[in-house]
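J.: Just need the structure, nothing else, for what follows:
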Amino acid sequence: MEWIKDKKSISPAAKVAIKSWCNDLEPDALKQAANLATHPAVDMHVALMPDCHVGYGMPIGGVIACNESVIPNAVGVDIGCGMGAVKTSLTIEHIGEARDIRAIIDDIKKLVPVGEGKCHAKQQTWLGFAEYEEEITHNVPGWFELSHFEHDRKNLGTLGGGNHFIEIQASEDGQIWLMLHSGSRNLGYRIASFYNKLALELNEKWHAELPCKDLAFLPADSKEGQSYIRDMNFALRYALENRARMMAAAKSVMAEHFAGIEFIEEINIHHNYAACERHFGRNVWVHRKGATSACKDELGIIPGSMGASSYIVRGLGNPESFNSCSHGAGRKMGRMEASRQLTLEECNRAMEGIVFDRWGKAGGFGRKKAKSTMYDFGEAPQAYKDIDTVIRCELDLIEPLVKLRPLGVIKG
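T.: From the prediction side, this is the model:
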């Protein structure tokens with residue numbers, strides 16, 4: 001742990017302390033953490049992981065425990081966003097030259113739609129859809145529309161955009177791994193948006209004293225809270241299935257390229273969710289927003305940027321972090337800032353030796369969607385913190401098992 005701020009040093013309104021594993025916390029992220037420390041539903045303390053940075057309402061890389069309450073924006077809009085990884089029987093000698101990696105990447109992209117708004121042409125079948133529709137027969141949520149749900153069926157098994165990725169990686173001993181990062185796509189966004197708006201309306205009705213309007217909450221045992229928990233859990237199942245299908249597609253491509261390949265070990269985990277857990281002798285709703293569960297002996301994945309190493313880790317079960325660890329390297333530059341400040345030459349240097357699809361054009365940011373001559377460097381390695389520093393800051397939370405370097409990258 002890097003530091004602890006007690007209640008008195010945060011603000012007179014603070015109810016709990018802040019415990020941080022982040023050694024370079026930006027001021028705005030600290031303000032968000034201070035808001036959480038004064039929140040009426042937050043209990044015990046606020047934990048900040050070493051990849052912590054500003055989010056919407058709550059910092060990404062934050063973990064909180066809530067007393068009988070759930071906060072939609074403390075889970076985040078991409079409910080169930082998480083990681084998948086699988087170890088193969090291949091070694092780096094099998095992979096060959098860069099053109100071989102390019103062929104594998106191109107074949108994966110034929111099976112997995114990549115990019116914002118890209119989906120399958122046909123609706124995908126999954127038992128989870130029917131199970132959820134049966135579950136809401138007598139309580140249809142306000143966000144649910146059949147036409148949107150049909151789009152969710154087309155989105156199942158797709159990567160999405162932004163920081164989502166599929167990578168071919170090599171461990172330090174030359175073993176080949178596949179890794180991917182994605183979530184619940186537009187489904188999670190609609191659920192999060194609907195329940196955050198509902199929570200805000202109810203909090204205003206109850207005259208709840210919120211430190212920030214973006215942190216509206218729902219009592220977990222209320223009708224609204226139970227509906228959110230039900231729908232959040234559906235989005236978690238969807239995200240898990242989404243990653244499993246993409247991984248299955250990537251494995252099938254590898255099997256076509258390498259006869260006799262075996263897949264030895266597979267991990268599929270969330271880092272945006274809330275769960276009822278027992279900590280410090282009490283049952284609380286733990287919210288992990290951009291944070292990974294790291295219970296004792298639990299396997300986890302902590303990715304770096306697209307040009308940096310990633311790690312397979314084992315949890316140590318540290319109670320001070322609510323059995324959590326970082327979910328990645330964490331941003332140090334926003335997308336627009338990176339695109340304005342970084343150059344094509346330095347970004348290409350950072351990706352030297354790694355097969356990827358080069359840099360697209362920014363196309364405008366925020367409300368402006370006009371064509372731009374500026375490159376989109378929002379996912380460049382320089383936009384992220386140093387992954388090795390992040391790992392060093394949490395060696396009391398995890399044990400690094402495997403260090404992986406990227407060979408080829410598919411970026412959303």
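J.: Domain-wise, how is the protein divided?
T.: 3-332+384-411, 337-363+370-383 (automatic domain parsing).
J.: which of the ones you listed has the lowest average pLDDT?
T.: Per-stretch mean pLDDT for the domains of the chain is lowest at domain 337-363+370-383 (a mean of 90).
J.: measure that one end to end?
T.: With C-alpha to C-alpha, to the nearest Å applied, domain 337-363+370-383 spans 9 Å between its terminal residues.
J.: can you check stretch 384-396 too?
T.: 22 Å.
J.: All the helices of this structure, in order from the start?
T.: Under the criterion DSSP state H, helices of the chain are mapped to 7-10, 27-37, 72-75, 92-95, 98-111, 127-135, 146-155, 185-206, 223-257, 335-341, 344-350, 387-392.
J.: Compute the number of surrounding residues for the closest residue in space to Gly260 that isn't next to it in sequence.
T.: In space, Gly260 comes closest to Ser89 once its chain neighbours are excluded; the distance is 7.9 Å by C-beta to C-beta, 6 or more residues apart in numbering. Where C-beta positions appear, they are placed from N, C-alpha and C, glycine not excepted. By the measure other C-beta atoms under 10 Å, the count of residues near Ser89 is 13.
J.: surely Ser89 meets Ile261?
T.: Yes. With contact defined as C-beta atoms under 8 Å, Ser89 counts as touching Ile261 (5.8 Å).
J.: most packed of the helices of the chain?
T.: For those, average neighbour numbers computed from mean count of other C-beta atoms under 10 Å are highest in helix 72-75, which has a mean of 28.
J.: Convert that one to PDB, retaining C-alpha atoms only.
T.: Once non-C-alpha atoms are left out, helix 72-75 reads as follows in PDB (Å, rounded to 0.1, in the frame of the first residue of the first chain):
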ATOM      1  CA  PRO A  72     -24.800   1.900 -10.800                       C
ATOM      2  CA  ASN A  73     -22.000   4.300 -11.700                       C
ATOM      3  CA  ALA A  74     -19.700   2.500  -9.200                       C
ATOM      4  CA  VAL A  75     -20.000  -0.600 -11.500                       C
END
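J.: what packs against it?
T.: Judged by 3 or more C-beta pairs under 8 Å, 6 or more residues apart in numbering; DSSP states H and E, helix 72-75 is in contact with strand 60-66, helix 185-206, strand 272-279, strand 282-289.
J.: Of those, which is nearest Glu352?
T.: Closest approach to Glu352 among the helices and strands packed on helix 72-75 (C-beta to C-beta): strand 60-66, 28.5 Å.
J.: So for the closest one, what gets flagged as buried?
T.: In terms of neighbour count (16 or more other C-beta atoms under 10 Å), strand 60-66 has its buried residues at Ile60, Gly61, Gly62, Val63, Ile64, Ala65, Cys66.
J.: need the contact list for the fifth one.
T.: Under the criterion of C-beta atoms under 8 Å, 6 or more residues apart in numbering, the contact partners of Ile64 comprise Leu36, His39, Val42, Val46, Ala47, Met58, Ile71, Ala74, Val286, His287.
J.: for stretch 395-410, which positions count as buried?
T.: Buried residues in stretch 395-410, counting neighbours by 16+ other C-beta under 10 Å, are found at Leu397, Ile398, Val402, Lys403, Leu404, Arg405, Pro406, Leu407, Gly408, Val409, Ile410.
J.: Stretch 156-176 now?
T.: 156-160, 162-171, 175-176.
J.: gap between the two ends of that stretch?
T.: Distance across stretch 156-176, first residue to last, is 26 Å (C-alpha to C-alpha).
J.: Over to stretch 335-352?
T.: Where stretch 335-352 starts and where it finishes are 21 Å apart, if you go by C-alpha to C-alpha.
J.: Equivalent analysis for stretch 307-327, please.
T.: Where stretch 307-327 begins and where it ends lie 17 Å apart, using C-alpha to C-alpha.
J.: Compute the inter-axis angle for the lengthiest strand in the chain and helix 98-111.
T.: The residue-count maximum for a strand in the chain (DSSP state E) belongs to strand 398-411. Taking axes from the mean of the first three to the mean of the last three C-alpha atoms, to 10 degrees, one finds strand 398-411 and helix 98-111 inclined to each other by 80 degrees.
J.: Give me the angle between strand 398-411 and helix 223-257.
T.: In terms of direction (the same axes, to 10 degrees), strand 398-411 departs from helix 223-257 by 70 degrees.
J.: and the helices of the chain as TSV, adding distance to Ile312?
T.: Written out in TSV, the entries for these read as follows (distance: least, C-beta to C-beta, whole Å):
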stretch	distance to Ile312
helix 7-10	35
helix 27-37	27
helix 72-75	25
helix 92-95	17
helix 98-111	21
helix 127-135	27
helix 146-155	28
helix 185-206	25
helix 223-257	15
helix 335-341	27
helix 344-350	23
helix 387-392	11
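J.: And the ones you listed: which comes nearest Ala308?
T.: Go through the helices of the chain one by one with C-beta to C-beta and the one that ends up closest to Ala308 is helix 387-392, at 4.9 Å.
J.: Return the distance of the residue nearest to Gly260 relative to Met83.
T.: Counting by C-beta to C-beta, to the nearest Å, the separation of Ser89 from Met83 is 21 Å.
J.: Hmm, Ala216 and Asn73 touching each other?
T.: Yes. The criterion here is C-beta under 8 Å, and Asn73 meets it with Ala216 at 7.4 Å.
J.: list residues touching both of these two?
T.: Looking at what touches both Asn73 and Ala216 (by C-beta under 8 Å, 6+ apart), the common residues are Asn196.
J.: Please name the nearest non-neighbouring residue to Ile312.
T.: Nearest in space to Ile312, with sequence neighbours left out and distances taken as C-beta to C-beta, 6+ apart, is Val402 at 4.0 Å.
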